[in-house]
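Participant: Whatever this is, show me its structure:
(chains A and B)
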Protein chains: 2
Amino acid sequence: MSDFYELAEIADNCLLNNKTVDEKVISELKQITTDNGYIGMAQINPVAGDIEYNTKKIAKYIKFANDINLECLVFPELSLMGYPIEDTIDRHPVIVEENIKWLKGLAKLSKNTVVLVGFVEPRNCSKGKKYFNSVAVLQKGQIQGIIRKSLLPTYSEFNDYRYIEPSEVSGCQSPDLLSTGEYSEQVSKLYNGYGISICEDCWNDGEFFERKLYSANPLEDLYKEKPRVFINCSASPTRTKKEQLKHNMLSFVSAKYKTPFIYVNQVGAIDNISFDGTSRMYDSEGKLIARAKSFEEQLLIVNPYKKIGKIYPLTKGLEKSLTEQKVFTLEYESDLERTYKTIIQGIRDYFNKCGLKRAVLGLSGGLDSTVCAVLLADALGKENVFGVSMPSHITSQESKSDAEKLANNLGINFAEAPIKDMIETTTNCLNSLFAKVEKRWGKYYDRETGTFTNKPNNSYPSFTPDNIQARSRAMFLWGISNEFASCIPIATSDKSELYMGYATINGDMSGGFAPIADVPKTKLFAFARWLNSNRKEKNAIPEAIILKKPGAELAIDPKTGKPLIAEDALMPYEFLDEIIWRIENKNESYKDFLGIEFVYEKHNKVSKEQKTEWLNKFYRRMSTALYKWSILPPSVIVEARSINKYDYHQPITSSRINYKGVSEEYINEGLK
Amino acid sequence: MSDFYELAEIADNCLLNNKTVDEKVISELKQITTDNGYIGMAQINPVAGDIEYNTKKIAKYIKFANDINLECLVFPELSLMGYPIEDTIDRHPVIVEENIKWLKGLAKLSKNTVVLVGFVEPRNCSKGKKYFNSVAVLQKGQIQGIIRKSLLPTYSEFNDYRYIEPSEVSGCQSPDLLSTGEYSEQVSKLYNGYGISICEDCWNDGEFFERKLYSANPLEDLYKEKPRVFINCSASPTRTKKEQLKHNMLSFVSAKYKTPFIYVNQVGAIDNISFDGTSRMYDSEGKLIARAKSFEEQLLIVNPYKKIGKIYPLTKGLEKSLTEQKVFTLEYESDLERTYKTIIQGIRDYFNKCGLKRAVLGLSGGLDSTVCAVLLADALGKENVFGVSMPSHITSQESKSDAEKLANNLGINFAEAPIKDMIETTTNCLNSLFAKVEKRWGKYYDRETGTFTNKPNNSYPSFTPDNIQARSRAMFLWGISNEFASCIPIATSDKSELYMGYATINGDMSGGFAPIADVPKTKLFAFARWLNSNRKEKNAIPEAIILKKPGAELAIDPKTGKPLIAEDALMPYEFLDEIIWRIENKNESYKDFLGIEFVYEKHNKVSKEQKTEWLNKFYRRMSTALYKWSILPPSVIVEARSINKYDYHQPITSSRINYKGVSEEYINEGLK
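Facilitator: Numbers count the residues shown, from 1 in each chain, chains lettered A, B, ... in the order given. Alright, predicted model coming up:
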């Protein structure tokens, strides 16, 4: 079938680039696809709420499907609106009316090919939520049926149940019910023999999952009607571990029900969430027959009955096995290509969809800003990235030259802008202001007396000088963003440091976008090496940057006389990242950690006191970092779990949680 | 019964202030309350996740209830954990184990008095979510039963279904089922004749509500068992219109079921959400018999069978009628006391629960910072507030003296810190940096050619000089926060301006807390007058501040040579606030607005072109303000709907939504 896929790719490229598909290509394809069973999986990248843009994109594929007589053409979940659209539709119901109007317009385009399109269906009834998450069946110029989502993911990045009513019924409903909110059991659940479901609807097999999240099982309901093929319209984001789970699950259910399975997934990023595409088809034995590209729009044509398909290579990392993920490891290699593509897509789509073109960032010569610069250059084009080195009196000569070397290697724009004057003026201004404030307010809080005093009562150094530097730099970057059109500054904070609140408000954690906010530091080291080996221009990142111990170069360590090393202020990153990983992936706690040997402990001697001190510091710092998480700019969710505020909610005022737990004796004593 | 409530108040005050209740008071109360039917409604203010603190507070009330032989003592929903706790329990399940341990400790304290305590119940089974939102029945040293929430609000500020499994069963379950996730129908749904439900469980009466959000109705289930009294453990926030709805609904259901109704609500703020307390009791005819204080902790003792209760006055505004709210009005008077108490509680609890004591804010002599200063002084104590006047070359003499006058009137700390040097240095640094950037990058984007150019192609002025001022000020305030313990800066942005993105990132919209982010500008004017009339110190706000036209004093209007007025840059606030109100409260859209006569139009001539221009500007500005909403500091939700990111979710990348809609012809043409 290689000829077929060569032709299909030619056509697909034309469609992607808004070119007319050559008549000859169409007629050759048509000779093949006019046969029964050819189904197009249209893995598109919609823009949230831009119904006109999304619909026109869909229309293009429908016309092509008509041209080549496909049996069926499948789009992802909510393809007219983009997924997720969230509360927007509740506040602005006009856009739901619009999506119905455009849907009816699309219906008119349909001919013999069955088209499955996701849309928001209003429920004009007085029960339940106001909307269904639905798929319309279009054929012969009309809406022929509707399928509504039953299982509503409401956890992590998903909030379906905020605005969607779960359908009580699986399978295809009569088009007469459109927008009524009513159900009917009269009509066959299948359309043209297809057992159609929406995303989560196929993720609830009690034999496959250890935990069955919902009591309904739409696939089981559909199976009873003996479908020729299962079709699932999906919008399923990429996260560590997800692909392997998805593959195993889809393979399992297609084999279990002895029915081929077609899964069409959204691609592209909407805000913090990256969808990886990789739409696919399994045969009735659960064997993978076709798989679309990852992180790219594509129309992939398959035939489930004849087992015709093509398997495009999976982005490395997507296939990462579950067993590998059961223990924390510093071996990130297998996930780095996926990490790269996820972030690149996240940056690119955020910029494109917001109408932004350029980014400016501070280049410190440190790892975080370096990795950000590489990713931005690749996502936006090197000419659209400006790196600014903003040295202070603490910045070493090496840092400056490393930053410049990096910019040259990448070919991005570069300027140096010392912040000496800013520091001087700000420091002078602040000192004179502090003197005024000090007349009325003590600087330090004395817990014992509950009063403020000007006598230092702890050894914490003042962070004021550090923060002046970080904020002066952000002032420069936001200034450029103000003055130069379509440009935003980049927040370069990484996940490990955000967990520790080791980031300056209105400083390095400020920006229009935060590319690596969900990448832990130890992974960043591996990532930098990976970038050096795997990008077209090798070794863009100077080795010195990777070898250097991370530190913000904002303060001098009084002990060494050299810039403070972050690990001295925090704890070894290897140890820190393992705590984070264990909390996020295994829900382990303080007490568990005391009984576990950390990877770091395997090759470093750590006393019990030291370990306890690090753990205490971790929870103390995390508790006061919650506020910073709440004001972090949009970022890309990369790992299995994150602290992105749209992925994880924790009240800021929960800072007094005791994560260590107490003994029964302590409780009995306390309640006496 | 006045003697009884005098005694009860004396006891309550002792409990609140951690003093021992006088033996004589106890014995006198006991003589009355030893009779059947005396029930304590313990309206407490928990700290999210601080189980030890919450439990000890609860224990104090249990001991007192035992002392005076109450029949029953009721606490709010999730009282051990505080509501909401959100995803925290999923990530840190150790705190759920802890809440069970403390619950068992509390059980041991229980004697004859039935105690109802809200807690998180783990579900150690392989189906559904991992937790129930439950209430434990404690009596005679043991857990006697458990009630689980069935209806899970998942909209606006509520996210119950993210972490909670809805109970399939209403009423009281056997304690043997604790933590199993299993149900049993064997046991009576009532405990001691009480029909117990949790919050939303009583908010789903199909006869009362136009829209029935859920199919189950736990009250109806309980009613079948003939309860002596309904008891609802609640955590229900205050919002415009809410109290009237709540009163009508509770009165309706108690009359409908001819059963007295006891409703115990949480008080206090958790992050952005303010709970108003006002726990109450209705008799079996739906008549209000007792109501606790608003916005204060209180133990109110009632007797539903003998209709004994006391009605504490309602905070004005809480009772605001629904009809008043059906049209937009500039008459805010009736809601101002509630607004005041909501924000005061919001500030106070945020500070207390985060361990903060002091606030610093810029005083511009404008309305926003002025109202913030008054609220902070009242919430934190005037000695804990520092107002800093930070004049620039644009700041008028009046603004400076108004700011100082305000500070003196309030008795808060005050300092002046001109930003002239900061502006000069920053401007110089930026100009030299801009020159470097300009060598590589054009400043302006030319849509036609899709390229950047240095020839200005639109008349937008540069905001760089404005933003330098706003950011210099924030730099000062964050500096004070760094240098002086337990102090955060305040973001003074109001709701109208946030809708328009009329706020500077890292400038006036930056801070540790944003007190008035949900108060529209027209309401702020009324609020300022209300503060002047209703605070103990009258007229703290200089009249000039209220009379002045709002403007950021960041730029000079080239037309007038005077500082730019905000309404000129935006549109009349009266018009703007009505758009916002209609979108949030009536879900109206662009097309509706064209057909409506706005309040502003009643007394100002507005051409159709002018109206269209304002509407276009509104949607254009709102679409690009979404990013700013996502990084706004924690604020207090005040109005019926808000743009607080934990109350309303809209993708930032949805900026291309067409809010105007299109015609069918346009669609047909576009899909050709």
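Participant: For the one helix or strand A:Lys436 maps to, C-alpha coordinates in PDB please.
Facilitator: Element membership for A:Lys436 (DSSP states H and E) is helix A:420-438. This file holds the C-alpha atoms of helix A:420-438, laid out as PDB (Å, rounded to 0.1, in the frame of the first residue of the first chain):
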ATOM      1  CA  LYS A 420      24.400  48.600  37.500                       C
ATOM      2  CA  ASP A 421      22.600  52.000  37.200                       C
ATOM      3  CA  MET A 422      19.200  50.400  38.000                       C
ATOM      4  CA  ILE A 423      20.700  48.700  41.100                       C
ATOM      5  CA  GLU A 424      22.300  51.900  42.300                       C
ATOM      6  CA  THR A 425      19.200  54.100  41.800                       C
ATOM      7  CA  THR A 426      16.800  51.500  43.200                       C
ATOM      8  CA  THR A 427      19.000  50.800  46.200                       C
ATOM      9  CA  ASN A 428      19.400  54.500  47.000                       C
ATOM     10  CA  CYS A 429      15.700  55.100  46.600                       C
ATOM     11  CA  LEU A 430      14.800  52.100  48.700                       C
ATOM     12  CA  ASN A 431      17.300  52.900  51.400                       C
ATOM     13  CA  SER A 432      15.800  56.300  51.900                       C
ATOM     14  CA  LEU A 433      12.300  54.800  51.800                       C
ATOM     15  CA  PHE A 434      13.300  52.100  54.300                       C
ATOM     16  CA  ALA A 435      14.600  54.700  56.600                       C
ATOM     17  CA  LYS A 436      11.200  56.400  56.600                       C
ATOM     18  CA  VAL A 437       9.400  53.100  57.100                       C
ATOM     19  CA  GLU A 438      11.700  52.100  59.900                       C
END
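Participant: Enumerate the residues of the stretch 51-200 of chain A near chain B.
Facilitator: A:51-53, A:55-56, A:59, A:82, A:84-88, A:90-95, A:97-98, A:101-102, A:105-106, A:108-109, A:126-129, A:154-155, A:159, A:161-163 (C-beta under 8 Å from any C-beta of the partner chain). (Each C-beta comes from the backbone N, C-alpha and C, glycine too.)
Participant: where along the stretch 1-150 of chain A do the helices fall?
Facilitator: A:2-16, A:23-33, A:51-67, A:88-91, A:94-109 (DSSP state H, counting those that start in this stretch).
Participant: Quick one: closest of these to A:Pro489.
Facilitator: With C-beta to C-beta as the criterion, A:Pro489 lies closest to helix A:88-91 of those, at 26.6 Å.
Participant: got any ranges where the stretch 301-450 of chain A has weak pLDDT?
Facilitator: A:318-325 (pLDDT under 70).
Participant: same check, this time on chain A
Facilitator: Residue ranges of chain A with pLDDT under 70: A:1-2, A:186-187, A:318-325, A:457-460.
Participant: buried subset of the residues of the stretch 51-200 of chain A next to chain B?
Facilitator: The neighbour count (16 or more other C-beta atoms under 10 Å in any protein chain shown) marks A:51-52, A:55-56, A:59, A:82, A:84-88, A:90-95, A:97-98, A:101-102, A:105-106, A:109, A:128-129, A:154-155, A:159, A:161-163 as buried among those.
Participant: what's the distance between the lengthiest helix in chain A and the middle of its chain?
Facilitator: The longest helix of chain A (DSSP state H) is helix A:608-630. Relative to its chain's centre, helix A:608-630 lies at 25 Å (C-alpha atoms, centre = their mean, to the nearest Å).
Participant: tell me which residues in the helix or strand following it are buried?
Facilitator: Note on helix A:608-630: by DSSP H and E, the next helix or strand toward the C-terminus is helix A:664-670. Neighbour counts over helix A:664-670 (16+ other C-beta under 10 Å) mark A:Ile667 as buried.
Participant: Can helix A:664-670 be said to contact chain B?
Facilitator: Yes. On the criterion C-beta under 8 Å from any C-beta, helix A:664-670 is in touch with chain B at A:664, A:667-668, A:670.
Participant: Then A:Pro461 would be within a helix, right?
Facilitator: No. The assignment for A:Pro461 (DSSP: H, G, I helix; E, B strand; the rest coil) gives coil, which keeps it out of a helix.
Participant: thought it was touching A:Leu554?
Facilitator: No. Contact criterion C-beta atoms under 8 Å: A:Pro461 and A:Leu554 do not qualify, at 10.8 Å.
Participant: So the two - more neighbours on which side?
Facilitator: More crowded of A:Pro461 and A:Leu554, by other C-beta atoms under 10 Å in any protein chain shown: A:Leu554, with 21 against 13.
Participant: Distance check, the more buried one against A:Val327.
Facilitator: Distance of A:Leu554 to A:Val327, given as C-beta to C-beta, to the nearest Å: 35 Å.
Participant: and what of A:Lys549?
Facilitator: Look at A:Lys549 and A:Val327: by C-beta to C-beta, they are 26 Å apart.
Participant: For A:Lys439, the count of nearby residues, please.
Facilitator: Residue neighbour count, defined by other C-beta under 10 Å, stands at 9 for A:Lys439.
Participant: does chain B sit close to stretch A:344-351?
Facilitator: Yes. Applying C-beta under 8 Å from any C-beta, one finds stretch A:344-351 in contact with chain B at A:349-350.
Participant: Provide the contact partners of that stretch at residue level.
Facilitator: A:45, A:268-272, A:274, A:295, A:356-357, A:359, A:375-376, A:378-380, A:513, A:515, A:634-636, B:652-653 (C-beta atoms under 8 Å, 6 or more residues apart in numbering or on different chains).
Participant: and A:Leu16, how many residues sit next to it?
Facilitator: Neighbour tally, A:Leu16, other C-beta under 10 Å: 15.
Participant: Excluding covalently adjacent residues, which one is nearest to it?
Facilitator: Among residues not flanking A:Leu16 along the chain, A:Glu297 sits closest, at 5.9 Å (C-beta to C-beta, 6 or more residues apart in numbering or on different chains).
Participant: likewise A:Lys258?
Facilitator: A:Ser284 (4.8 Å).
Participant: Quote the end-to-end distance of stretch A:165-174.
Facilitator: This stretch, stretch A:165-174, spans 18 Å end to end (C-alpha to C-alpha, to the nearest Å).
Participant: In it, which residues are buried?
Facilitator: Within stretch A:165-174, the residues that count as buried by 16+ other C-beta under 10 Å are A:165-167, A:169-174.
Participant: I figured A:Pro634 hits B:Pro651, correct?
Facilitator: No. Counting by C-beta under 8 Å, A:Pro634 stays clear of B:Pro651, with 9.4 Å between them.
Participant: got any residues that touch both of these two?
Facilitator: Contacts common to A:Pro634 and B:Pro651, judged by C-beta under 8 Å, 6+ apart, are A:Asp271.
Participant: Pull the distance from stretch A:396-410 to the chain's centre.
Facilitator: Distance, stretch centre to chain centre, for stretch A:396-410: 30 Å (C-alpha atoms, centre = their mean).
Participant: now what about it, what contacts it?
Facilitator: Contact partners of stretch A:396-410, identified using C-beta under 8 Å, 6+ apart, comprise A:363-366, A:369-370, A:373-374, A:377, A:382, A:385, A:387, A:389, A:391, A:413-414, A:416, A:537, A:539-542, A:544-545, A:548, A:553, A:563.
Participant: near chain B too, which of those?
Facilitator: Restricting the contacts of stretch A:396-410 to those near chain B by C-beta under 8 Å from any C-beta leaves A:Asn413.
Participant: So how do I select the buried members of the contacts of stretch A:396-410 in ChimeraX?
Facilitator: Selection of buried members from the contacts of stretch A:396-410 for ChimeraX, criterion 16+ other C-beta under 10 Å:
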select /A:363,364,365,366,369,370,373,374,377,385,387,389,391,413,414,416,540,541,542,545,548,553,563
